[in-house]
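Participant: Provided below for reference: sequence and predicted model.
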Amino acid sequence: MKLRSNNARLTALALGTAMALSLTSGAARADDKVSVIVNTMQIFSSLDPAKVTDYTGYMAIVNMYDGLTTVSPSGEIVPHLAKSWDISDDGQTYTFHLRDDAKFQDGTPVKAADLVWSIRRLLGINKGPSNLIVGLLQPDNVTAPDDATVVMKLDRQFSPFMAVTPLMMALNEKLITANAKPDDKWGEAYVGEQSAGSGPYKLVSYNRSADMIIDRNPDYFLGWNKGKPIDEVRFVQTSDDATVKALADKGELGLSSHGLGNDTYESIGKMAGYKLIQARTAGGFVIKLNTKVYPTDDVHVRRAIAYATDYKTIQEVIYPGFDMNGPLSTAFKDAHNGDIQPGVFDLEKAKEELAKSKYAGQEITLVNSYVASLAFEAEVALLMQANLEQIGITLDIKPEPWNRIVELSSKPETTPASTQVNISPTYPSPDSIFYNQYHSKASGTWMSMEWLQDPAIDALIDKTRATTDVSAQNATYKELQAKISDLQPDVWAVSPNRRYAANKCLQGYAFVPMQSWDLNFSNFWWDCNAN
């Protein structure tokens with residue numbers, strides 16, 4: 001089959017694989033190798049656990065590395081490399097007791113010293129997830145009294161600390177330092193192109209702009225006891241719906257991305273040998289409004305945009321899902337403010353808000369960016385354009401590649417006035433939603449394109465982080481939601497169903513409320529006879 005655009009390369013990859021197990025055969029010999037093609041909608045911009053910021057980066061590290069802890073589908077922090085832990089009475093000293101059977105992919109044991117070095121590396125590189133602990137945990141306060149114990153002494157109480165520990169991943173210190181350069185003491189160049197962890201899969205090949213292949217680690221310390229395991233995962237990057245449908249039509253698609261158009265899911269779901277996977281999420285699809293640039297520096301313009309958003313069409317036709325009640329998902333039920341109402345589509349109210357703005361009576365042009373070639377985001381942009389035109393705002397639609405959006409988000413003056421993105425927790429805590437998007441210290445990332453930088457908001461976020469009293473913390477979270485909703489730094493458009501098109505033989509999917517933790521392929525298995 002001839003594929004559209006420059007994505008023919010992906011079919012060549014699929015055909016050249018010579019997959020021992022046909023994805024449509026429904027049966028296999030015991031010695032067959034299970035190799036699946038997984039579609040991603042954006043490039044793997046980083047493979048380094050100290051640098052990841054987006055869903056593909058997190059997908060890479062959860063498969064190639066292991067953290068001190070991990071996250072269950074219920075959102076609970078559960079043991080992983082650490083089999084147990086103790087917390088001091090003052091809430092500042094955390095002692096982790098490691099299991100003794102974990103090994104790196106080269107066969108060397110995972111020791112406490114490796115984790116100490118890895119956490120110090122995270123702090124030293126000071127990118128990606130490090131902003132959660134920089135200024136809270138000093139490198140010298142991460143120690144290993146013996147091979148099986150890691151101790152971390154915080155400068156102050158930090159209530160979400162345990163929720164961050166899945167991101168404290170073990171890297172093979174000996175391997176990395178042996179391949180480091182004098183001007184690269186943390187081996188960033190090496191880790192950026194290799195896997196140096198203990199995880200269930202190891203890197204085979206990596207082409208940053210197109211694809212990645214990982215192979216099962218047969219000696220993985222947790223074993224492979226969930227059925228016939230997935231031996232090889234071949235990630236192919238494309239957000240072109242026609243290409244993904246063509247792969248499915250050939251029986252070559254194992255799992256799609258979650259960012260395709262609604263029609264594409266329906267089409268693949270009807271194909272023989274395929275199924276749709278759907279799950280509620282803990283995040284949302286939002287339109288981020290840059291509060292520092294024209295015209296979204298005016299709160300009345302931001303409110304007008306919110307009133308001019310046709311939520312039901314987005315939720316029922318374009319990107320199926322449910323209402324968002326402000327910035328925090330109702331999945332965090334104890335912390336959610338039940339007084340926050342979902343957005344209302346009302347063009348008359350939108351006009352009233354616009355009339356209150358400092359731009360009233362002027363011709364207003366609003367730049368809107370989204371990830372280029374994502375069909376559903378293009379549809380949302382066109383819907384917005386039609387509605388905003390009715391209240392006197394011209395929408396200037398500017399689709400961009402994902403890496404360009406990340407680049408633009410580094411400064412307020414280059415961040416678009418409005419940008420469509422999917423937001424999900426990068427660790428299972430409301431703090432992940434509030435700190436990463438709205439705290440001044442998080443500014444300059446794609447998650448914080450609002451550039452809110454409000455001292456009152458910062459103070460409330462800091463207050464939740466400084467208390468271990470859960471009821472007091474939840475009360476502050478509810479106050480935060482009310483204040484943020486009033487400032488309208490985002491349009492909270494839809495809490496989408498997480499949707500994947502999958503081969504019917506692929507089993508084991510479970511949503512996990514942490515970015516890409518649901519795509520750890522050691523939790524999947526192959527069974528063509530399952531219902």
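Facilitator: Cool, got the structure. Numbers count the residues shown, from 1 in each chain.

Participant: residue at max distance from the center of this structure?
Facilitator: Of all residues in the chain, Gly361 has its C-alpha farthest from the mean position, at 40.4 Å, by Cα atoms, centre = their mean.

Participant: now do it, the pLDDT please.
Facilitator: pLDDT, Gly361: 94.

Participant: does it count as helix, strand or coil?
Facilitator: Secondary structure of Gly361, reduced to three states by DSSP: H, G, I helix; E, B strand; the rest coil: coil.

Participant: mind listing the strands in the stretch 201-350 of the chain by residue range?
Facilitator: For the stretch 201-350 of the chain, the strands defined by DSSP state E, counting those that start in this stretch cover 201-207, 211-216, 232-237, 253-255, 274-279, 284-289, 321-322.

Participant: adjacent strands (with direction) for the longest one?
Facilitator: Put plainly, it is strand 201-207. In the sheet, strand 201-207 lines up against strand 211-216 (antiparallel) (DSSP bridges).

Participant: where are the low-confidence patches of the stretch 151-300 of the chain?
Facilitator: Scanning the stretch 151-300 of the chain for pLDDT under 70 picks out 209.

Participant: tell me the buried residues in stretch 257-268?
Facilitator: Within stretch 257-268, the residues scored as buried using 16 or more other Cβ atoms under 10 Å are Ser257, His258, Gly259, Leu260, Gly261, Asn262, Thr264, Tyr265, Ser267, Ile268. (Glycine included, C-beta is placed from N, CA and C.)

Participant: so what's the second one up against?
Facilitator: Same thing as His258. Contact analysis of His258 by Cβ atoms under 8 Å, 6 or more residues apart in numbering lists Met41, Arg498, Arg499, Tyr500.

Participant: thinking again about what came up before, got the strands of the stretch 201-350 of the chain as a markdown table, with distance to Pro182 and mean neighbour count columns?
Facilitator: Listed next are the strands of the stretch 201-350 of the chain as a markdown table, based on distance: least, Cβ to Cβ, whole Å; neighbours: other Cβ atoms under 10 Å:
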| stretch | distance to Pro182 | mean neighbour count |
| --- | --- | --- |
| strand 201-207 | 25 | 17 |
| strand 211-216 | 29 | 21 |
| strand 232-237 | 33 | 23 |
| strand 253-255 | 42 | 25 |
| strand 274-279 | 47 | 17 |
| strand 284-289 | 41 | 25 |
| strand 321-322 | 51 | 18 |
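
Participant: can you put those strands in CSV and add distance to Tyr55?
Facilitator: Output for these, formatted as CSV (distance: least, Cβ to Cβ, whole Å):
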stretch, distance to Tyr55
strand 201-207, 17
strand 211-216, 14
strand 232-237, 12
strand 253-255, 14
strand 274-279, 15
strand 284-289, 13
strand 321-322, 17
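
Participant: which one of the ones you listed lies closest to Glu400?
Facilitator: strand 284-289 (13.4 Å; Cβ to Cβ).

Participant: show me the contacts for the residue nearest to Gly259 when sequence neighbours are not counted.
Facilitator: Closest residue to Gly259 apart from its sequence neighbours, by Cβ to Cβ, 6 or more residues apart in numbering: Met41 at 4.1 Å. Met41 sits next to Gln237, Thr238, Ser239, Ser257, His258, Gly259, Leu260, Val371, Leu374 when contact means Cβ under 8 Å, 6+ apart.

Participant: for Val62, same thing?
Facilitator: By Cβ under 8 Å, 6+ apart, the neighbours of Val62 are Gly199, Ser516, Trp517, Leu519, Asn520.

Participant: weed out the non-buried ones from these.
Facilitator: Neighbour-count burial (16+ other Cβ under 10 Å) applied to the contacts of Val62 gives Gly199, Ser516, Trp517, Leu519, Asn520.

Participant: the third one contacts Leu167, correct?
Facilitator: No: with contacts defined as Cβ atoms under 8 Å, Trp517 does not count as touching Leu167, sitting 10.4 Å away.

Participant: how about low-confidence regions in the protein?
Facilitator: For the chain, the ranges with pLDDT under 70 are 1-31, 209, 531.

Participant: contacts only, for Ala378.
Facilitator: Tyr370, Pro399.

Participant: repeat for Val299
Facilitator: Leu487, Gln488 are the contacts of Val299 under Cβ under 8 Å, 6+ apart.

Participant: what's the distance between it and Ser485?
Facilitator: Computed as Cβ to Cβ, to the nearest Å, the Val299 to Ser485 distance reads 12 Å.

Participant: would you mind putting the buried residues of stretch 257-268 into CSV with distance to Tyr58 alongside?
Facilitator: Converted to CSV, these look like this (distance: Cβ to Cβ, whole Å):
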residue, distance to Tyr58
Ser257, 14
His258, 13
Gly259, 15
Leu260, 19
Gly261, 23
Asn262, 25
Thr264, 23
Tyr265, 22
Ser267, 28
Ile268, 24
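
Participant: closest to Ile287 among these?
Facilitator: Gly259 (15.6 Å).

Participant: mind putting the buried ones among the contacts of Val62 into TSV with distance to Ile405 and secondary structure?
Facilitator: Listed next are the buried ones among the contacts of Val62 as TSV, based on distance: Cβ to Cβ, whole Å; DSSP: H, G, I helix; E, B strand; the rest coil:
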residue	distance to Ile405	secondary structure
Gly199	28	coil
Ser516	18	coil
Trp517	23	helix
Leu519	21	helix
Asn520	26	coil
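
Participant: and which of the residues you listed is nearest Ser410?
Facilitator: Ser516 (22.6 Å).

Participant: grab the nearest non-local neighbour of Ile305.
Facilitator: Val491 (6.1 Å).

Participant: and after the helix or strand the one you found falls within, which helix or strand comes next?
Facilitator: Val491 is part of strand 490-496, with elements assigned from DSSP states H and E. Note on strand 490-496: by DSSP H and E, the next helix or strand toward the C-terminus is strand 498-503.

Participant: which elements pack onto that next one?
Facilitator: Other elements packing on strand 498-503 under the criterion 3 or more Cβ pairs under 8 Å, 6 or more residues apart in numbering; DSSP states H and E are strand 253-255, helix 262-269, strand 274-279.

Participant: of all the ones you listed, which one is nearest Asp184?
Facilitator: Closest approach to Asp184 among those (Cβ to Cβ): strand 253-255, 34.9 Å.

Participant: many thanks, we can stop here.
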